[in-house]
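*Asks:* no sequence on this one, just coordinates:
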């Protein structure tokens, strides 16, 4: 019922949770182009076909360059406000491209130069037709169906609402809360050690567990979504002067989960856990009648997936936060619509993480 991160960084998703989209569509387009190229080559001279294809590609590049030149002129009037009077920033913003695109265009130029003797009026007609079709396609905006937005959101290289929420959550909360600094009683592990000594308990793991429910439902207490969890006192607050607010408090809740001990008696497992707070605001935006509400409703699961994958990556790639925070992206309602006990979800994940920690120690 919950997403798991594989050792290679990929994700295993249960059926109830929509997974990230693949590049099958792009592969199919490439395969179709290859088949069409092969079929046409059977009826025309190979060099002539290569000349037509390469010049068609260059025709689209010419149209794109003209479009970017127009944008360059428009952006020039915002040189100071947007680009700090830097012509370099302006130029890179307008004319930057990906390495595969540059290689593709370079290949087309090389092929055209070697097959230039194959030019005909028919070939130039195809080029003109290609330019007209390209411009028409851009003007008609054919790729405006919601599925194209979903594909764009799923792309790990693009910036969107989900990635923005994750970046803000990381730098505005986790990056403040997690790193250890014992000199001023800062850092999650240090605060948890103080809590253990004061309460005479032991945490199952010295890490913060953050819940990412598929429904976005984030009640005030985790105990509202569990029959086996109990509230405990909170961890000591961490104070930070931030954005004009003096002594802003950052603190985490502690819960006890009922479980069966090896001797058969009932015991308690202590865990620091909470919901991902940006999801509360996102849910309110989804359910509102405000601007972009329809967009959020259509792409709720895509945005949530982007938030989860981005925040996991950010925490793992930062040595000051890696290993101090675990995220549980789970389906909080089963196929029948019944509520899933979050205490059981946490318990299952804790046992899996403890076993993984032991295995890692044995390997070392």
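*Replies:* Yes, it's here. It should be emphasised that the depicted structure is a prediction, and the values quoted were computed from it without experimental measurement.
*Asks:* CA only for contacts and neighbour counts going forward, please
*Replies:* Will do.
*Asks:* and the residue nearest to residue 342 when sequence neighbours are not counted, what pLDDT?
*Replies:* Leaving aside its sequence neighbours, residue 342 sits nearest to residue 226 (CA to CA, 6 or more residues apart in numbering; 5.5 Å). Residue 226 carries a pLDDT value of 89.
*Asks:* Wait, residue 226 touches residue 343, no?
*Replies:* Yes: using CA atoms under 8 Å, residue 226 is in contact with residue 343, at 5.4 Å.
*Asks:* more neighbours, those two?
*Replies:* Applying other CA atoms under 10 Å to residue 226 and residue 343 shows that residue 343 carries more neighbours, namely 22 against 17.
*Asks:* What helix or strand is that one located in?
*Replies:* helix 342-363 (DSSP states H and E).
*Asks:* again, but for residue 239
*Replies:* Per DSSP H and E: strand 238-242 holds residue 239.
*Asks:* can you pull out the strands in the chain?
*Replies:* 4-5, 11-12, 203-213, 229-231, 238-242, 245-250, 254-260, 266-275, 325-330 (DSSP state E).
*Asks:* Let's have these in CSV, adding mean neighbour count, distance to residue 103 and mean pLDDT.
*Replies:* Formatted as CSV, the strands of the chain follow (neighbours: other CA atoms under 10 Å; distance: least, CA to CA, whole Å; pLDDT from 0 to 100):
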stretch, mean neighbour count, distance to residue 103, mean pLDDT
strand 4-5, 16, 34, 71
strand 11-12, 14, 31, 73
strand 203-213, 21, 41, 93
strand 229-231, 18, 57, 90
strand 238-242, 14, 46, 78
strand 245-250, 12, 49, 81
strand 254-260, 19, 54, 88
strand 266-275, 19, 45, 90
strand 325-330, 21, 39, 92
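*Asks:* and residue 193, which of those is closest to it?
*Replies:* Distance to residue 193, taken as CA to CA, is lowest for strand 203-213 among the strands of the chain, at 8.3 Å.
*Asks:* report the angle between the axes of that closest one and strand 325-330?
*Replies:* 50 degrees (axes from the mean of the first three to the mean of the last three CA atoms, to 10 degrees).
*Asks:* quick one: strand 203-213 to chain centroid distance?
*Replies:* Relative to its parent chain, strand 203-213 has a centroid offset of 20 Å by CA atoms, centre = their mean, to the nearest Å.
*Asks:* How about stretch 303-323?
*Replies:* With CA atoms, centre = their mean, you get 9 Å for stretch 303-323.
*Asks:* Just the buried residues of it, please?
*Replies:* Neighbour counts using 16 or more other CA atoms under 10 Å place 303-312, 314-316, 321-322 of stretch 303-323 among the buried residues.
*Asks:* picking up where we left off before, which one of the strands of the chain lies nearest to residue 142?
*Replies:* Across the strands of the chain, closest to residue 142 is strand 11-12 (CA to CA), at 31.9 Å.
*Asks:* Report the strands that pair with the closest one, each with its relative direction.
*Replies:* Pairing partners of strand 11-12, with direction, according to DSSP bridges: strand 4-5 (antiparallel).
*Asks:* before we move on, the earlier item: is it possible to export the strands of the chain to JSON lines including distance to residue 173?
*Replies:* Shown next, in JSON lines, are the strands of the chain (distance: least, CA to CA, whole Å):
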{"stretch": "strand 4-5", "distance to residue 173": "22"}
{"stretch": "strand 11-12", "distance to residue 173": "24"}
{"stretch": "strand 203-213", "distance to residue 173": "12"}
{"stretch": "strand 229-231", "distance to residue 173": "22"}
{"stretch": "strand 238-242", "distance to residue 173": "11"}
{"stretch": "strand 245-250", "distance to residue 173": "8"}
{"stretch": "strand 254-260", "distance to residue 173": "17"}
{"stretch": "strand 266-275", "distance to residue 173": "13"}
{"stretch": "strand 325-330", "distance to residue 173": "12"}
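*Asks:* nearest to residue 85, of those strands?
*Replies:* Across the strands of the chain, closest to residue 85 is strand 238-242 (CA to CA), at 30.4 Å.
*Asks:* relative to strand 245-250, how tilted is the closest one?
*Replies:* Per the same axes, to 10 degrees, the angle that strand 238-242 makes with strand 245-250 is 140 degrees.
*Asks:* got the contact list for stretch 141-148?
*Replies:* For stretch 141-148, contacts defined as CA atoms under 8 Å, 6 or more residues apart in numbering pick out residue 298.
*Asks:* my bad, should have said stretch 194-207
*Replies:* By CA under 8 Å, 6+ apart, stretch 194-207 touches 188-189, 192, 235-236, 269-272, 323-326, 350, 354.
*Asks:* Determine which two of those are furthest apart.
*Replies:* The most widely separated members of these, counting by CA to CA, are 236 and 354 (24.6 Å).
*Asks:* who's more crowded, these two?
*Replies:* Remark: of residue 236 and residue 354, residue 236 carries more neighbours, 18 against 13, as counted by other CA under 10 Å.
*Asks:* residues contacting that one?
*Replies:* Counting by CA under 8 Å, 6+ apart, residue 236 has contacts 191, 195, 251, 252.
*Asks:* Can you tell me how far it is from residue 322?
*Replies:* According to CA to CA, to the nearest Å, residue 236 and residue 322 sit 21 Å apart.
*Asks:* try residue 111
*Replies:* Taking CA to CA, one finds residue 111 at 49 Å from residue 322.
*Asks:* repeat for residue 156
*Replies:* 20 Å.
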